[in-house]
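Undergrad: Pasted the sequence and its predicted model underneath.
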Amino acid sequence: MDCLYGLTHLLLLHLTLFPPTHGLSPANTLIFALKTQATPHGLLPRASPTDKLPFYHNVTLTISLAVGSPPQRVTMVLDTGSELSWLHCKRSPELNSVFDPASSRTYSPVPCSSRTCLTRTRDLPVPASCDPNKLCHTAISYADASSTEGNLASETISVGSSSRAGFLFGCMDSGQSSNKEEDSKTTGLMGMNRGSLSFVTQMGFSKFSYCISGFDSSGILLFGDASFAWLKTLNYTPLVEMSIPLPYFDRGAYTVQLEGIKVSDKLLALPKSVFVPDHTGAGQTMIDLGTQFTFLLGPVYAALKYEFTRQTEGVLRALEDPDFVFEGAMDTCFLIGPNQQGLPGLPRVSLIFRGAEMSVSGERLLYRVPSATRGSDLVYCFTFGNSDLLGLEAFVIGHHHQQNKWMEFDLVKSRVGLADVRCDIASQWLGITS
């Protein structure tokens, strides 16, 4: 989601194109390998639309593409929560990679009087304006006071065998950054949400899928059909549509309807109405690859915290420290002895959607807080957080709870499909090697 930024170590998933494996992949399918790499602690700013205040995550995906004529190689952060793709277009000592529009014969800035500037930019977080040169000016502001701005432009972009002339993006030439070290590693950002200016929409992909391994930090990103004999039947939940703009509803996000939560087989005693967006749009449920953990609105979080703590009483030792809140929203934490072999048996937590269910179990329920100890004990926190503590008016399903699940986003049928799968083995079946 494009309102987030990170405070923990980042996991960079580098995408390398693999051609469809003969006999395994459908025609017109692009398959990418995902690889993870830990980087030091730091801030990763993300755009803030409505505004969804500072929010925490620790994953970015980067993809290497060819842009312009002749082609220039750029590296872009993949973001399923943002619409507008953008590139750094002005060289500076802090940036290792920039796109040079003057070197491309197909680069074309968009006039501010054009229909494209007047109509296609209406859903952007900051409305487009007219600069002194009568060009369409676009700006993205960040929750940590950093920003980037420049001109909307069109260019030729290529990924795998797919190429698109007239691809619209932001060619950014100024801004303020809170983390120049992280910014220097990429050329820009690729918006992957449902908006008209997103990469997925402009490239005309009808669906895409990903699968993140929880075993060996590998995974898959796939554009096109995923018709594989080894893939289990997907359970689908419809995407929630909102025809009119509402102040707290992100219409470009991948929004589904959460209907309930179970701990083991016990359904939390909550009315379904607590999961339904209100008249302002607050309370939508977004599936977001850019967010690490899952965050729930206060009443739902409180009910889950109570039931999980009740079922683990005598199994887990609670951290009795009211001042300890991991990442500003996770206050259900426990102490694990240094000599304990693995985590104890924990009750499964299941998120119930309309038509589908996502179960979280084992080590994905607790996260070891880096460098946090109490005496010789290690600190682990429950991987569900409280949205209210962040000022966030939404439920967000993060990537940590999507590990070892095939996640398909079908844009034509407006639905999300999911199925349990070992993503590291799926990579091997597709002939993808590390």
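TA: Okay, I see it.
Undergrad: Could you tell me how far stretch 353-370 lies from the centre of the chain?
TA: Chain-centre distance of stretch 353-370: 16 Å, with CA atoms, centre = their mean, to the nearest Å.
Undergrad: Just the mean pLDDT for the strand ranked longest in the chain, thanks.
TA: In the chain, with assignment by DSSP state E, the single longest strand is strand 162-176. Mean pLDDT, strand 162-176: 86.
Undergrad: Give the partner strands of that strand in its sheet and their orientations.
TA: Neighbouring strands of strand 162-176 in its sheet, by DSSP bridges, are strand 86-88 (parallel), strand 147-159 (antiparallel).
Undergrad: Point out the most buried one among those strands.
TA: strand 86-88 (a mean of 27; mean count of other CB atoms under 10 Å). Where C-beta positions appear, they are placed from N, C-alpha and C, glycine not excepted.
Undergrad: any idea of the mean pLDDT for that strand?
TA: 93.
Undergrad: Can you tell me what sits against the very next helix or strand once past that strand?
TA: Sequence-wise, the next helix or strand downstream of strand 86-88 (DSSP states H and E) is strand 108-109. Residues outside strand 108-109 that contact it (CB atoms under 8 Å, 6 or more residues apart in numbering): 101, 135-136, 151-155, 171.
Undergrad: still on that earlier bit, tell me which residues of the longest strand of the chain come out buried.
TA: Neighbour-count burial for strand 162-176 flags 164, 167-173, 175 (criterion: 16 or more other CB atoms under 10 Å).
Undergrad: Where does the nearest residue to S206 once chain neighbours are set aside sit, in terms of helix or strand?
TA: Nearest non-adjacent residue to S206, counting by CB to CB, 6 or more residues apart in numbering: V412, 4.7 Å away. Following DSSP H and E, there is no helix or strand that holds V412.
Undergrad: One more: L65?
TA: Judged by DSSP H and E, L65 forms part of strand 59-67.
Undergrad: May I see the buried residues of stretch 95-103?
TA: 95, 97-99, 101.
Undergrad: What separation is there between S163 and S213?
TA: Distance, S163 to S213, using CB to CB, to the nearest Å: 30 Å.
Undergrad: now I140
TA: From I140 to S213 the distance is 32 Å (CB to CB).
Undergrad: and those two? which has more neighbours close in?
TA: Under the criterion of other CB atoms under 10 Å, the comparison of I140 against S213 puts I140 first, with 25 against 20.
Undergrad: Would you enumerate the residues in contact with the more buried one?
TA: 47, 84, 86, 125-126, 147-149, 170 are the contacts of I140 under CB under 8 Å, 6+ apart.
Undergrad: what two of these are the furthest from one another?
TA: Largest separation among those by CB to CB: L84 and S147, giving 13.5 Å.
Undergrad: Which stretches in the protein count as helices?
TA: 115-119, 180-183, 199-203, 298-311, 423-429 (DSSP state H).
Undergrad: Among those, show the one with the smallest mean pLDDT.
TA: Here these differ in mean pLDDT, and the lowest is helix 180-183 at a mean of 53.
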